[in-house]
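K.L.:
this is a predicted model, with the sequence first.
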Amino acid sequence: MAETKSWASSHTAKEAQALFQCLSHNLTLLFEQAIQCAEGIGDEVETKKKHRRQKTRKNREGEPYQRANNFINQVFQRATQRTVRFLRWLRSWLYQEAPWSKALARLTHIWTC
């Protein structure tokens, strides 16, 4: 998720790294969605920021941005938008041997501050 360089210079190694990055991204996305469904918590901070940004967004002509009113745009959050706060929490939870309850309490605090 913060990878900037390839492990090796061969095409095969670069391809393997790209596959690992895609896999880790998809697993992170699924894990975040599972937490939101199972625990009933969500990233309130990002939701508030998104609503504030909506007021100032402009299209190419400089007019206020109008979001398309179709089902897909209303239901799904872009899969590429993982917050750094969530990734840092996940990294620290994986490396520390913290109980799930404490890790979840920390995530709840991060998502509601």
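P.N.:
Good, I have the coordinates.
K.L.:
and after the helix or strand where Thr12 lies, which helix or strand comes next?
P.N.:
Secondary structure assigned from DSSP states H and E places Thr12 in helix 11-39. Using DSSP H and E, the helix or strand that follows helix 11-39 in sequence is helix 44-56.
K.L.:
can you list the buried residues in the helix holding Thr12?
P.N.:
28, 32, 35 (16 or more other C-beta atoms under 10 Å). Where C-beta positions appear, they are placed from N, C-alpha and C, glycine not excepted.
K.L.:
for Leu90, the count of nearby residues, please.
P.N.:
19 (other C-beta atoms under 10 Å).
K.L.:
my read: it touches His25, true?
P.N.:
No: applying C-beta atoms under 8 Å as the test, Leu90 and His25 come out as separate, 11.7 Å apart.
K.L.:
what about the protein, any weak spots by pLDDT?
P.N.:
1-4, 6, 57, 59-60, 64-82 (pLDDT under 70).
K.L.:
where does Glu97 sit: helix, strand or coil?
P.N.:
coil (DSSP: H, G, I helix; E, B strand; the rest coil).
K.L.:
for the helix holding Thr12, packing partners?
P.N.:
helix 84-95, helix 100-112 (3 or more C-beta pairs under 8 Å, 6 or more residues apart in numbering; DSSP states H and E).
K.L.:
surely Thr112 is in contact with Glu46?
P.N.:
No: the pair Thr112 / Glu46 is not scored as a contact, 11.0 Å apart, by C-beta under 8 Å.
K.L.:
the two: which is more packed in?
P.N.:
Of the pair Thr112 and Glu46, Glu46 is the one with more neighbours under other C-beta under 10 Å, namely 16 against 11.
K.L.:
please tell me how far the more buried one sits from Ile110.
P.N.:
Plainly put, Glu46 is 11 Å away from Ile110 if you go by C-beta to C-beta, to the nearest Å.
K.L.:
Ala38 too?
P.N.:
17 Å.
K.L.:
got it, and Lys5?
P.N.:
29 Å.
K.L.:
among the two, which residue is more densely surrounded?
P.N.:
Ile110 (15 against 6).
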